[in-house]
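> Turn this into a structure:
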Amino acid sequence: MTDSSRRLAGVMAGMGALHMIAPRPFDALIPERLPGRARTWTYLSGVAELGCAAAVAYPRTRKAGALATAALMAAVFPANVKMARDWRRRPLPLRAIAYGRLPLQAPMIAYALRVARTAD
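A predicted model of the protein is given here:
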């Protein structure tokens, strides 16, 4: 496993685990227009992140896993927008976190695509 794929798998595994261990902060990011309970979506996204991590970690599925990771990161972007909107009146450090997530999504997607391109 390359350093890039190891890092990507680690980040995805860490975030997936956080969704399971401490789901409450993630529940608040789920857009209200999605059907069902926010906790269900939190757990589903955590499972998706763990699945992406496993796929990236395994050489035979690394390319597909990295592509799935890029797609997942694009799919959760509306949650980041919701967080920025919801936190616009919070103290500056919290607003900085919420707004800072928005431009970071593109480099993370690019990173996952790079792992896919370099997969054997």
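
> Now for Asn80, how many residues are close by?
19 (other CB atoms under 10 Å). (C-beta placed from N, C-alpha, C; glycine too.)

> Sticking with it, tell me its helix or strand.
Assigned by DSSP states H and E, Asn80 belongs to helix 77-86.

> do Arg88 as well
Under the assignment here (DSSP H and E), Arg88 is part of no helix and no strand.

> Please apply the same query to Arg101.
helix 92-118.

> Rounded mean pLDDT for that helix, please.
For helix 92-118, mean pLDDT rounds to 92.

> Which residues does the helix holding Asn80 contact?
Identification of contacts with helix 77-86 by CB atoms under 8 Å, 6 or more residues apart in numbering yields 28-31, 98-99, 101-102, 105.

> got it, and stretch 100-115?
Contact partners of stretch 100-115, identified using CB under 8 Å, 6+ apart, comprise 2, 4-5, 8, 56, 62, 66-67, 69-70, 73-74, 77, 80-81, 83-84.

> taking the residues you listed one by one, which sit in helices?
Applying DSSP state H to these, the entries found in helices are 4-5, 8, 56, 62, 66-67, 69-70, 73-74, 77, 80-81, 83-84.

> residue contacts, the nearest residue to Thr61 once chain neighbours are set aside?
Distances taken as CB to CB, 6 or more residues apart in numbering put Ala55 closest to Thr61, at 4.3 Å, once the chain neighbours are dropped. Ala55 is in contact with 61-62, 64-66, 68, counting by CB under 8 Å, 6+ apart.

> Distance check, Ala55 against Ala48.
As judged by CB to CB, to the nearest Å, Ala55 and Ala48 stand 10 Å apart.

> any common contacting residues for these two?
In contact with both Ala55 and Ala48: Ala68, using CB under 8 Å, 6+ apart.

> among the ones in helices among the contacts of stretch 100-115, which ones are buried?
Neighbour counting by 16 or more other CB atoms under 10 Å classes 4-5, 8, 56, 62, 66-67, 69-70, 73, 80-81, 83-84 among these as buried.
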